[in-house]
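# have a look; sequence and predicted model below, questions after that.
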Amino acid sequence: MFVRAYLRASTTEQDAQRARAPIEAFAAERGLTVAAWYAENESGSKLARPELFRLLADAQPGDVLLVEQVDRLSRLNAGDWENLKAQITARRLRVVALDLPTSWMMATGKADDFTTRMFEAINAMMLDMLAAVARKDYEDRRRRQAEGQAKAKADGRYKGRPEDAGRNAGIASMLKAGVSWSQIQKATGCSRATVAKIAKRVTA
């Protein structure tokens, strides 16, 4: 049995490695060693996450997918969650989350076939429930943010996200040097719309 730990943070300002210590402690208490780590800064509401899918590609039947919390694995909508679950099931991965005690037995595999099947069924139900809660929390936060922005705009207080002056100056320099938009996007991680906005300034 191979234990693969998945770490995720939503933005580059957050530390995806923060959960490494509690995961290592959880594994050590059960005599397990985390053999592979996969960390990324991506939204849990997105199915397309490179490190998660690298983990899935590397996984072998019976491996453990270990996460700190279920919401690190999914804040997906119902359709995307079913897609991800199908891929996890196809690879016969055991999902273990520190915030899901019903999953802990799956980390050791020390149970008879009947008990294992019972816990797998219970665990699947709990995973679905926690994934639904995580999605609702995500949608509620997005709704509150939108409501706050709408009120701030109505009051004339909303200014939007501060501009990344340093990055935009770099984009302007690359544009002046003749670097292609695609290369700029790859180098900076910004959207094509951002490059277009800076390009207008450069040519103004």
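Noted; the coordinates are in hand.
# what stretches of the protein score poorly on pLDDT?
109-112, 115, 158-161, 204 (pLDDT under 70).
# what's the closest non-adjacent residue to Ala187?
The shortest distance from Ala187 to any non-neighbouring residue, by Cβ to Cβ, 6 or more residues apart in numbering, is to Met174 (7.3 Å). In this view, the C-beta of every residue, glycine as well, is placed from N, C-alpha and C.
# ignore what I typed, I meant Ala196.
Per Cβ to Cβ, 6+ apart, closest to Ala196 is Trp181, 7.8 Å.
# neighbours of Lys151, how many?
11 (other Cβ atoms under 10 Å).
# give the other helices and strands that the helix or strand harbouring it contacts.
Lys151 belongs to helix 113-154 when assigned by DSSP states H and E. On a contact count with 3 or more Cβ pairs under 8 Å, 6 or more residues apart in numbering; DSSP states H and E, helix 113-154 meets helix 70-73, helix 78-90, strand 94-97.
# can you tell which of those is closest to Phe119?
Nearest of these to Phe119, taken as Cβ to Cβ: strand 94-97 at 10.0 Å.
# break the protein down into its domains, please.
Annotated domains of the chain cover 3-137, 165-203 [automatic domain parsing].
# packed most tightly, which of these would that be?
For the domains of the chain, average neighbour numbers computed from mean count of other Cβ atoms under 10 Å are highest in domain 3-137, which has a mean of 16.
# okay, how far is it across it, tip to tip?
Start to finish, the residues bounding domain 3-137 are 28 Å apart (Cα to Cα, to the nearest Å).
# for stretch 33-49, same thing?
End to end - Cα to Cα - stretch 33-49 spans 24 Å.
# what about that stretch, distance to the chain center?
5 Å (Cα atoms, centre = their mean, to the nearest Å).
# hang on, the earlier thing: got a list of what the residue nearest to Ala187 touches?
183-184, 187 (Cβ atoms under 8 Å, 6 or more residues apart in numbering).
# same thing with Leu100?
Here Leu100 is in contact with 70, 123, 126-127, 130 (Cβ under 8 Å, 6+ apart).
# repeat that for 7 Å
70, 126, 130 (Cβ atoms under 7 Å, 6 or more residues apart in numbering).
# roughly how far does it sit from Ala134?
Taking Cβ to Cβ, to the nearest Å as the measure, Leu100 falls 12 Å from Ala134.
# could you name every residue contacting both of the two?
Counting by Cβ under 7 Å, 6+ apart, the shared contacts of Leu100 and Ala134 are Val70.
# secondary structure class for the residue most central in space within the chain?
By Cα atoms, centre = their mean, the chain has its centre lying nearest to Gly44, at 3.8 Å. Of the three states, Gly44 takes coil under DSSP: H, G, I helix; E, B strand; the rest coil.
# I figured Ile122 hits Trp104, correct?
No - Ile122 is beyond contact range of Trp104, at 11.8 Å (criterion: Cβ atoms under 7 Å).
# now the residue nearest to the centre of the chain, nearest residue through space, not along the chain?
Arg75 (3.6 Å).
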